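# Okay, sequence plus prediction incoming.
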Amino acid sequence: MFFHTGKCEYILFESLYTQTTGHIVGAAIAVFFLAIIYEGLKYGREVLIQRTTSKNKYITTTLPNGTSQENIIVGGTQTVSARMLSCSHFIQTLLHMLQVFISYCLMLIFMTYNAWLCIAIILGAGAGYFIFGWRRAVIVDVNEHCH
């Protein structure tokens, strides 16, 4: 395996075969936007998690020494099965599956070792991070699959 700059490439499926320069340019543009979508999906999932967890109730209490007040999170009263079967958890599960699928597709496209497609993935991921990354509250993503 080695990096190459050819225009004839199978991309994920036998039916997705590029034969001309126009095909590989079109494929690179599609892959570029797929990488942006992947970064946007990561950001969107984080926003949904924050919205779901921000529904916790807060109470204000005075500390024993009487000099300060602190907010304390009151745990939800939902059972484990209710949280597991909630609509938000179901949506998160579907989005997680989509994120895994896209990440593996991008990895397999990168593994074609076609330099144009690899560059498109890197530029798309960079553009996606530029668009969505500045809004993220967490710099280290524990849900990251590929890197």
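Cool, got the structure.

# In space, what's closest to His89 - neighbours in sequence excluded?
Nearest residue to His89, sequence neighbours excluded (Cβ to Cβ, 6 or more residues apart in numbering): Arg83, at 6.4 Å. Heads up, the C-betas are built off the backbone N, CA and C, glycines and all.

# ok, now Ile102?
Tyr38 (4.8 Å).

# sorry, back to before: does the residue nearest to His89 touch Phe90 like I think?
No - in this structure, Arg83 is not within contact of Phe90 by Cβ atoms under 8 Å, at 11.0 Å.

# so what pLDDT did the spatially most central residue of the chain get?
In the chain, the centroid-proximal residue (Cα atoms, centre = their mean) is Lys42; its distance is 2.4 Å. Listed pLDDT for Lys42 reads 92.

# pretty sure it contacts Tyr129?
No - applying Cβ under 8 Å as the test, Lys42 and Tyr129 come out as separate, 9.2 Å apart.
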